[in-house]
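# I would like the atomic coordinates for the input below:
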Amino acid sequence: MILERFNQVHITLSHETKRNILNDFGEYSTEKIIQGIAQGKDGKLNGDNLDLYVTTNDVRMDNKSKDYHFFATDLTFDRVECKNLEDSKPVGDTKNITYKNFVPSPNEISKFKESLKVLLGRILCENIDHFSWMKTIIPKHIPHDYENAMSKKSEVFLLPVLLKNEQSLSDCIHILQSYEQQLTLWYTKAGRASDLDNLKVPVGGDQLTRVRLQSAKSLQDGALTSTERLDHLDPMIMEMFHTLMDLLEKMYKRFFNPSSGRDKGTIYHMKVLVQRSNVNGKVKSRFEAHEDFILTAGCAYFLSYILQFFGMKSITDEPQHPLLKKNMKMMHNSKKEEIFSQLLEEIIDKLMLTFPEKIPLMVDILGTCLVVNSTLNEKGLLNFQLKINNSHFLFSLTPQQVKQGVTVNVSDHRIPVSISLSEHTDEDTDDLQNYVMQFLQWYFVILTIKDAIKEGDSCRMNISLKFCIPIFFSHSVLSKYLEECIDYILKTEIMLSEKMALKVRYGSFVNLSGRRGDNKAADLQKENEVLVLKELIRGLGSNKTENAIVAITKAAPVIQDVANNFDKMLNIPDKKTHHKKRSFQDDVNCILKELIPVKIWEKTNGRKLENFHKIKVSPFIVDIIHFKDVVMKKVERLRRGIVISSSDSDDESTSE
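As a prediction, the model looks like this:
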């Protein structure tokens, strides 16, 4: 009523005028998309669920609180130019896929270590004054092939909310059909209807969204036309923020045990020590708090090793090492870089563990026992060589033979050789040191993923995902993001064409500022957009109609631009920039005071942690034979386009 009165004195718009303006805003947003496509731009669709719960004061039989389930989508234009790339054949060798395609190769491990030098070097010079000489040689951004393209501002367009629930397969089909209709409309109006014959638009989302949309698309495989088969919507891929979130969740399940509060050196003890009451192990409810605590604990563990490595009793002591000189700050940068590289390489070689390439076997030759390393070849056989009586013998055995134990007669059947899997004994292990070493392996992967996302470095991102695959496997063979990582690597490095692989890999990042190193994961941006859309929908007041919801979300990009331009013209500062993230250096120093007396890095045989007894030193220590079988089975299923419902894929996971 008050708005009507204000309208009569020309203070506010009438309801009809407001609706007309919103419709104009929506049409303008569509025209901007068509203009971009007319200029030759292609893009990627990102989708996520939008859930609203509307309560009512007077609950009646015919008037109850409502739970809305909608679906929000955005279109992001490509920043990397890929029109002239090969688009007719797969980028990889589809006939010779092995499990080694899904773990880091020696070259990728080397690249991972080089980037880790920079990331750990930043931690050193930020926390220890005696390493401040490194600041002049450590790059602010780790270079990569597409750094200029990833420094451009992304063009992101919010699309109208679809009044469909992704939990229903029939609604998922309607969502995909809506995408097809929009693509046909845009490309036809842009004068590029001929491009529809070969058009492929990637669709991204979290794990649940990808699985559901992929399942819905497979139901249309028997349709007659390419539009009905939804051929333009391919591939469907998972996104990076939810992968990082799931990795953190698995990390807390591995290392965060409330019963270990009295075990000095564990992260739960640290949590009590620095009073992080907002950390409870439930990552999805408070992601930033849990991520920050992991970074704090990882920094403290790393610095505790640095103190031991350089013979320092505290971070204020002067480090001792043959390469370090008293006049480090006065040296030329070339000499500094040489010393920096040698120091960090030595540190990383001692701290970083990788996926083992060899499988240790126990060999018994006439009562003499020795351990030999075997390799698993592409045919699934274990190969190794032995020298007996000055003669070389090549053995090729099946994994089943080795597991059961087998005896082979060599040298004219006169010498029996018994072969079995080598059993590692844990009697003299140091649980605390193993606990910290394994934690650091996870920490290094998280550091690299975060920096790769910021820089928009798809190469390092894929390498990090290959490190994640055995980590997820060590948690559970049913881990849903184990399958998602395999699916992403399979598509972007083997199955897709060079053009589509590049589109997918660099479409995983968006940059809203146009500054270098300011990228974010596309699904994180989608989560932020969902919050904006929810505010707009709530602003409609009570008795929201479906038409009103669609209209306001269709106009959302223009409304957001108008609000941002208004703030810019009036020099209204962005509130977020005033909240500088508080340093966790004091917390790290507090933790270090507890870690130094524990002497983590002095191996103490038999030192036990009750809640982490016999914990492995590395998450990459897995049954390689089992790992290979699981990975290849998933690869074969994914190649055929068969997806498994998320409720069946991870018995410990909860709905996202």
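# for the record, mean pLDDT for stretch 390-401?
Averaged over stretch 390-401, pLDDT sits at 83.
# just how off-centre is it within its chain?
40 Å (Cα atoms, centre = their mean, to the nearest Å).
# same thing with stretch 470-486?
12 Å.
# where does the prediction get shaky in the chain?
Scanning the chain for pLDDT under 70 picks out 1-15, 411-413, 423-428, 542-543, 574-582, 645-656.
# ok, V622 - contacts?
470, 473-474 (Cβ atoms under 8 Å, 6 or more residues apart in numbering). Glycine gets a C-beta too; all of them are placed from N, C-alpha and C.
# please repeat the previous calculation with a cut-off of 10 Å.
355-356, 470-471, 473-474, 477, 616, 628, 630 (Cβ atoms under 10 Å, 6 or more residues apart in numbering).
# same thing with V630?
So V630 contacts 99, 473, 477-478, 482-483, 486, 622-623 (Cβ under 10 Å, 6+ apart).
# same thing but at 6 Å, please
Neighbouring residues of V630 by Cβ atoms under 6 Å, 6 or more residues apart in numbering: V477.
# going forward, the N-terminal residue is numbered 110.
Yep, numbering from 110; the last one is V739 now.
# next, find the distance separating it from L305.
Noted for V739: a distance of 39 Å to L305, by Cβ to Cβ, to the nearest Å.
# tally of neighbours for the residue nearest to E602 when sequence neighbours are not counted?
Distances taken as Cβ to Cβ, 6 or more residues apart in numbering put G201 closest to E602, at 5.4 Å, once the chain neighbours are dropped. Number of residues near G201 (other Cβ atoms under 10 Å) recorded here: 19.
# in which helix or strand does G201 reside?
Remark: G201 resides in no helix or strand, with elements defined by DSSP states H and E.
# same thing with D160?
Judged by DSSP H and E, D160 forms part of strand 152-163.
# now what about that strand, what contacts it?
By Cβ under 6 Å, 6+ apart, strand 152-163 touches 175-179, 181-187, 275, 310-314, 318, 616, 631, 635, 639.
# same check, this time on stretch 241-254
So stretch 241-254 is in contact with 224, 227, 230-231, 234, 437-438, 442, 445-446, 449, 564, 566, 568, 625-626, going by Cβ under 6 Å, 6+ apart.
# list phi and psi for T185.
With angles defined as degrees, to the nearest 10, T185 sits at phi -120, psi 120.
# from the contacts of strand 152-163, which would you call buried?
The neighbour-count test (16 or more other Cβ atoms under 10 Å) marks 177, 179, 181-187, 275, 310-314, 318, 616, 631, 635, 639 as buried among those.
# okay, and which of those residues map to strands?
Secondary structure assignment by DSSP state E places 177, 179, 181-186, 310-314 of the buried ones among the contacts of strand 152-163 in strands.
# which two among those residues are spaced furthest apart?
Largest separation among those by Cβ to Cβ: Y177 and F186, giving 29.7 Å.
# any idea how far V200 is from the residue nearest to T601 when sequence neighbours are not counted?
Nearest residue to T601, sequence neighbours excluded (Cβ to Cβ, 6+ apart): A610, at 4.8 Å. A610 sits 5 Å away from V200, going by Cβ to Cβ.
# when the two are compared, which one has more neighbours?
A610 (23 against 19).
# isn't the more buried one up against E602?
No. The pair formed by A610 and E602 falls short of the contact definition of Cβ atoms under 6 Å, at 7.0 Å.
# what residues sit buried inside the host helix or strand of N129?
Here N129, judged by DSSP H and E, is contained in helix 124-147. Under the neighbour-count criterion of 16+ other Cβ under 10 Å, helix 124-147 has 131, 134-135, 138-139, 142-143, 145-146 buried.
# check stretch 460-472 too.
Quick answer for stretch 460-472 (16+ other Cβ under 10 Å): 460-464, 468, 470-472.
# can you give me the strands for this protein?
Going by DSSP E, the chain shows strands at 152-163, 175-186, 265-267, 310-314, 342-347, 468-474, 477-485, 491-497, 500-506, 515-519, 524-530, 618-619, 629-630.
# redo those as TSV? Include distance to R395.
Below are the strands of the chain laid out as TSV (distance: least, Cβ to Cβ, whole Å):
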stretch	distance to R395
strand 152-163	19
strand 175-186	23
strand 265-267	27
strand 310-314	23
strand 342-347	22
strand 468-474	41
strand 477-485	42
strand 491-497	46
strand 500-506	50
strand 515-519	53
strand 524-530	43
strand 618-619	24
strand 629-630	18
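# ok, which of those comes nearest V697?
Short answer: strand 629-630, nearest of those by Cβ to Cβ, at 25.7 Å.
# contact partners of the closest one?
With Cβ under 6 Å, 6+ apart, strand 629-630 has contacts from 348-350, 562.
# and of those, the nearest to L485?
Looking across the contacts of strand 629-630 and measuring by Cβ to Cβ, the closest to L485 is M349, at 30.1 Å.
# what distance do you get for the closest one to L460?
25 Å.
# I'd like the buried residues of helix 124-147 as CSV, with distance to Q286 appended.
Formatted as CSV, the buried residues of helix 124-147 follow (distance: Cβ to Cβ, whole Å):
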residue, distance to Q286
L131, 25
F134, 25
G135, 20
S138, 21
T139, 18
I142, 18
I143, 20
G145, 23
I146, 20
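# out of the residues you listed, what pair is the most spread apart?
Checking the buried residues of helix 124-147 with Cβ to Cβ, the most distant pair is L131 and I146, at 23.4 Å.
# the residue nearest to L356 when sequence neighbours are not counted: neighbouring residues, count only.
Leaving aside its chain neighbours, L356 sits nearest to C577 (6.1 Å; criterion: Cβ to Cβ, 6+ apart). By the criterion of other Cβ under 10 Å, C577 has 27 neighbours.
# ok, G626 next?
17.
# filter the contacts of V731 to the buried ones?
Counted by 16+ other Cβ under 10 Å, the contacts of V731 give 464, 579-580, 582-583, 586, 725, 737, 739 as buried.
# any idea which of these is closest to L268?
The nearest one, if we look at these relative to L268 and count by Cβ to Cβ, is I580, at 35.2 Å.
# looking at it, that closest one is touching S727, isn't it?
No. Judged on Cβ under 6 Å, I580 makes no contact with S727 at a distance of 9.8 Å.
# thinking again about what came up before, top of the contacts of stretch 241-254 by neighbour count?
Neighbour-wise, those (other Cβ under 10 Å) top out at D566, 28 neighbours.
# show me what contacts it?
So D566 contacts H253 (Cβ under 6 Å, 6+ apart).
# now flag whichever of the contacts of V731 is closest to C408.
Nearest to C408 among the contacts of V731, with distances taken as Cβ to Cβ, is I580, at 20.0 Å.
# how far away is the closest one from F548?
12 Å.
# can you list contacts of stretch 133-148?
186, 266, 295, 298-299, 663-664, 666-667.
# now for those residues, which pair is the farthest apart?
A299 and A664 (21.0 Å).
# who's more crowded, the two?
Higher neighbour count among A299 and A664: A664, with 23 against 18, using other Cβ under 10 Å.
# roughly how far does the more buried one sit from R625?
32 Å.
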